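Engineer: Next comes the sequence, and after it the predicted model I'd like to discuss.
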Amino acid sequence: MPTLLLLGAGSDMAIAIARKFAAEKYNIQLAARNAAAISPLQQDLQVRYGITATTHAFDALASDSHAAFFDALSVKPDLTICVFGYLGDQEQAQNSWQEAHTIIHTNYTGAVSILNVVANHYAAQQKGSIVGISSVAGERGRQSNYIYGSAKAGFTAYLSGLRNRLFRSGVHVMSVQPGFVNTRMTQHLTLPPLLTAQPEAVATAVYKGVQRKKNVLYVKWHWKYIMLIIKLIPEGIFKKLKL
C-alpha cells in the first residue's frame, strides 16, 4: 500500500485530499503544526477506510527542523503533497513586515525548504511524486494580493525547475493551480460560484493528476484561459485596472 505525506494537514483542502487518497487505499502521514488537532482526522481515516494514518508535528516556518522531520519518518512516503499556505492580509502586509514575512515564508521559503529535503530523497531513490498546491495569484501580480501572489509565483517557478531537474530521475512533480476554493481561508471573500471549486473537487482532481502524471493542473479549466487573457493585457492598460 503506497504512503502519502500530507504537509499542512489541517486545512479544508488537505482534509479532503486525505479522505480521497485514503479511499484509494493510501496510508496517510498527516503533518501539521498542531498534531493533536488532527488526531480526530487520523482516527476517522483509519476506521472509515481501513488504512494506517499517523500524525506528525511539522512547522513550515521552522526550516531548521525540516531535515530532521523527514529523517524521523519511519516509513518514507511514495508521494508528498505540500498543501500549507497563508493568504494573509494584503493591506496589513504593506505596512507590517511581520505580516509580509509570514506570507512569504509560509508560501515560498517554507515550502522550498521541506521539498528540497523530499526531492533529494526521491532523486536518490529514483522514484517518487511531489505535488505542490500553488495559486493562479502567482501568474500576474495584482494590487489586491501581490505579496501573496509573489510568494506563489516563486513557488510555481520552483516546482517547474524541480520538475525539470527530477524528470530524468523518474520523479514526478505536479503544480496545482486550484483557483478559488471554498474553504475557511476564503470564507471572508465573495467568490464567483462558477469559478470556485469545493475542496472535494480539488482532491479528486489531484488524485487523477497524480495517476496521469500531469505536470500542471488547473482544477477548473476556465482558470487556464482567464489567466492567459490576464497575462496578455499590456502593462500600460493593466496598471490602470483595479484588480
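Structural biologist: On my side now, so go ahead.
Engineer: which helices and strands does the longest helix along the chain pack with?
Structural biologist: Assignment by DSSP state H gives helix 146-166 as the longest helix of the chain. On a contact count with 3 or more Cβ pairs under 8 Å, 6 or more residues apart in numbering; DSSP states H and E, helix 146-166 meets helix 90-95, helix 97-104, helix 110-125, strand 129-133, strand 172-177. All C-beta spots, glycine's among them, are computed from the backbone N, C-alpha and C.
Engineer: Among these, which comes closest to Gln29?
Structural biologist: helix 110-125 (11.7 Å; Cβ to Cβ).
Engineer: Dump the closest one to PDB, restricted to CA.
Structural biologist: This file holds the C-alpha atoms of helix 110-125, laid out as PDB (Å, rounded to 0.1, in the frame of the first residue of the first chain):
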ATOM      1  CA  GLY A 110       9.000  27.100   4.000                       C
ATOM      2  CA  ALA A 111       7.700  25.000   1.000                       C
ATOM      3  CA  VAL A 112      11.100  25.100  -0.700                       C
ATOM      4  CA  SER A 113      12.900  24.100   2.500                       C
ATOM      5  CA  ILE A 114      10.900  20.900   3.100                       C
ATOM      6  CA  LEU A 115      10.600  20.000  -0.600                       C
ATOM      7  CA  ASN A 116      14.300  20.300  -1.100                       C
ATOM      8  CA  VAL A 117      14.700  17.500   1.500                       C
ATOM      9  CA  VAL A 118      12.000  15.400   0.000                       C
ATOM     10  CA  ALA A 119      13.300  15.900  -3.600                       C
ATOM     11  CA  ASN A 120      16.800  14.800  -2.700                       C
ATOM     12  CA  HIS A 121      15.500  11.600  -1.100                       C
ATOM     13  CA  TYR A 122      13.300  10.800  -4.200                       C
ATOM     14  CA  ALA A 123      16.200  11.600  -6.500                       C
ATOM     15  CA  ALA A 124      18.400   9.100  -4.700                       C
ATOM     16  CA  GLN A 125      15.700   6.500  -4.800                       C
END
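Engineer: Just the mean pLDDT for it, thanks.
Structural biologist: Per-residue pLDDT values over helix 110-125 give a mean of 98.
Engineer: what's next to it, contact-wise?
Structural biologist: Residues from elsewhere that reach helix 110-125, judged by Cβ atoms under 8 Å, 6 or more residues apart in numbering: 5, 7, 58, 60-61, 63, 66-67, 69-70, 76-77, 80, 82, 84, 128-130, 132, 155, 158, 162, 165-166, 169, 171.
Engineer: Please list the outside residues in contact with the longest helix of the chain.
Structural biologist: Against helix 146-166 from outside (Cβ under 8 Å, 6+ apart): 85-88, 90, 93-94, 100, 103-104, 106-108, 111-112, 115, 119, 122-123, 130, 132, 134-135, 137-142, 172-175, 177, 215.
Engineer: Just list whatever residues bridge to the residue nearest the centre of the chain.
Structural biologist: Closest residue to the average C-alpha location of the chain: Ile133 at 2.5 Å, with Cα atoms, centre = their mean. In this entry, Ile133 is beta-bridged to Val176, by DSSP bridges.
Engineer: list the contacts for it?
Structural biologist: Contacts of Ile133 by Cβ under 8 Å, 6+ apart are Met13, Ile81, Cys82, Val83, Gly85, Val176, Pro178.
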